[in-house]
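Asker: The following comprises the amino acid sequence and a computationally predicted model.
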Amino acid sequence: MQGHRAFAGLTLALALTGAATAQTPPAPYPARAVLDAFRAACGELGSVESAAKRAAAAGWAPVSDRDATPLGRVIALGEASATQLLAKEGGRMAPTRLLTRTIDGEALHLLLTGVSLQGTRVVGCRLYDVGETRALPPGEMSAWLGREPIDTVMRGGMVQTVWEPGLSPAQETVELFFVRGTDAVTANTQVAGIALKADQMGKEQD
């Protein structure tokens, strides 16, 4: 049951600001505002359709041309991989939804995906801040969640932090990714920046 993982393609870039001789330190990343928006959109994932409706009610707007966004290639690759896998195993995939919203000056994207296989449905929700160079500190997310992470994985320019349970008891985990914009990393992930990930598994409903 790995089709839903094909959409995990993660995010973050390396950029410098300020003059060559003197730089003004960037403002801290608006972690709480972004995390609150993430919980509101991804806290309950009964279906892609219901999650998209809640996100729209919270201020997220549908993206009309996903190929014009930094996530276009990631989505296309994920859909192709999931479709191939599900075809072999007799599963199906829900239409992917991509939405956008600006919070405290941060242009965010929300990706909703769903796969069904052997009576089980998995709905995925990813929040991306593509190209963000400031980290969302795992310690701040731990304070927001009220618990410490169970695992931290470092691969190249990517740091992945995992907590359990997820945003609700129905979700096993919630994950934070910080991907630096090095060539080696972006060659695999296609994008760099901050990403937040939640998945919810349940019984397929006809």
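Answerer: Structure received. Numbering: from 1, shown residues only.
Asker: alpha carbons only for contacts and neighbour counts from here, please
Answerer: Will do.
Asker: Kindly export stretch 101-111 (C-alpha atoms) in PDB.
Answerer: Included here for stretch 101-111 are C-alpha records, laid out as PDB according to Å, rounded to 0.1, in the frame of the first residue of the first chain:
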ATOM      1  CA  ARG A 101      -3.000  30.600   0.200                       C
ATOM      2  CA  THR A 102      -0.800  33.400   1.400                       C
ATOM      3  CA  ILE A 103      -0.200  33.600   5.200                       C
ATOM      4  CA  ASP A 104       1.900  36.300   6.800                       C
ATOM      5  CA  GLY A 105       3.600  36.900   3.400                       C
ATOM      6  CA  GLU A 106       4.300  33.200   2.800                       C
ATOM      7  CA  ALA A 107       2.900  31.900  -0.500                       C
ATOM      8  CA  LEU A 108       1.800  28.400   0.400                       C
ATOM      9  CA  HIS A 109       0.500  25.400  -1.500                       C
ATOM     10  CA  LEU A 110      -1.700  22.600  -0.300                       C
ATOM     11  CA  LEU A 111      -1.700  19.300  -2.000                       C
END
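Asker: for that stretch, the distance to its chain's centre please.
Answerer: Computed by Cα atoms, centre = their mean, to the nearest Å, the separation of stretch 101-111 from the middle of its chain amounts to 12 Å.
Asker: next one: stretch 72-79
Answerer: 13 Å.
Asker: pLDDT (mean, whole number) over that stretch?
Answerer: For stretch 72-79, the mean per-residue pLDDT is 86.
Asker: That'll do, ta.
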